[in-house]
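Student: need a structure here:
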Amino acid sequence: MAKAKEVKESLINQLKAKGADVTLYRALIDDYMWFYQQFHQMQADIRKRGRTYTTVSAAGKDYEKNNPSVEDALKYSKQMVAILAALGLSTETVVPFDTGKNTEKDSDEHDL
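Tutor: Numbers count the residues shown, from 1 in each chain. Predicted coordinates for the structure are as follows:
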């Protein structure tokens, strides 16, 4: 999984490549990163507690409850996609950068 710092740097590089590295879009990147962190916290909670969990009612009885992190994660994900769209970023418009990191594709080519 990509680290938050790498994601932010990648988004900034995309802005620079588009000639759109201005305060407004930098603020959108900051918003994206906030949602990114929240999304990953929701994922961690879902891994820990599951989609549902058992809790105790006010009457003292156990019952299954939906984990609100599932719904929240979906909301955060949708907002992240909306921010990418506002930045004009998609798989069709992204500018590829050579990060210098060895990828699986690179290592496959070297094996030939």
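
Student: ok, now how distant is residue 13 from residue 45?
Tutor: 31 Å (CB to CB, to the nearest Å). C-beta here means a position set from N, CA and C on the backbone, and glycine is covered the same way.

Student: got it, and residue 25?
Tutor: 30 Å.

Student: Any stretches of this structure with poor pLDDT?
Tutor: Where the chain drops to pLDDT under 70, the residues are 98-112.

Student: Check this structure for me, the residue farthest from its geometric middle.
Tutor: Largest separation from the mean C-alpha position in the chain: residue 59, at 39.1 Å (CA atoms, centre = their mean).

Student: any chance you could map the strands in the chain?
Tutor: 52-56, 62-66 (DSSP state E).

Student: Let me have these in a markdown table, adding mean neighbour count and distance to residue 81 as columns.
Tutor: As requested, the strands of the chain are exported to a markdown table (neighbours: other CB atoms under 10 Å; distance: least, CB to CB, whole Å):
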| stretch | mean neighbour count | distance to residue 81 |
| --- | --- | --- |
| strand 52-56 | 11 | 26 |
| strand 62-66 | 10 | 23 |
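
Student: Reformat these as JSON lines; add distance to residue 41.
Tutor: Shown next, in JSON lines, are the strands of the chain (distance: least, CB to CB, whole Å):
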{"stretch": "strand 52-56", "distance to residue 41": "16"}
{"stretch": "strand 62-66", "distance to residue 41": "17"}
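
Student: Nearest to residue 32, out of the ones you listed?
Tutor: For residue 32, the closest of these is strand 62-66, at 26.9 Å, according to CB to CB.

Student: other SSEs contacting that closest one?
Tutor: If you count contacts as 3 or more CB pairs under 8 Å, 6 or more residues apart in numbering; DSSP states H and E, strand 62-66 packs onto strand 52-56.

Student: So what's the gap between the strand it packs on and the chain middle?
Tutor: Mean-position distance between strand 52-56 and its chain equals 27 Å (CA atoms, centre = their mean, to the nearest Å).

Student: got it, and stretch 53-70?
Tutor: Computed by CA atoms, centre = their mean, the chain-centroid distance of stretch 53-70 equals 28 Å.

Student: how long is it end to end?
Tutor: In stretch 53-70, first residue to last residue: 12 Å (CA to CA, to the nearest Å).
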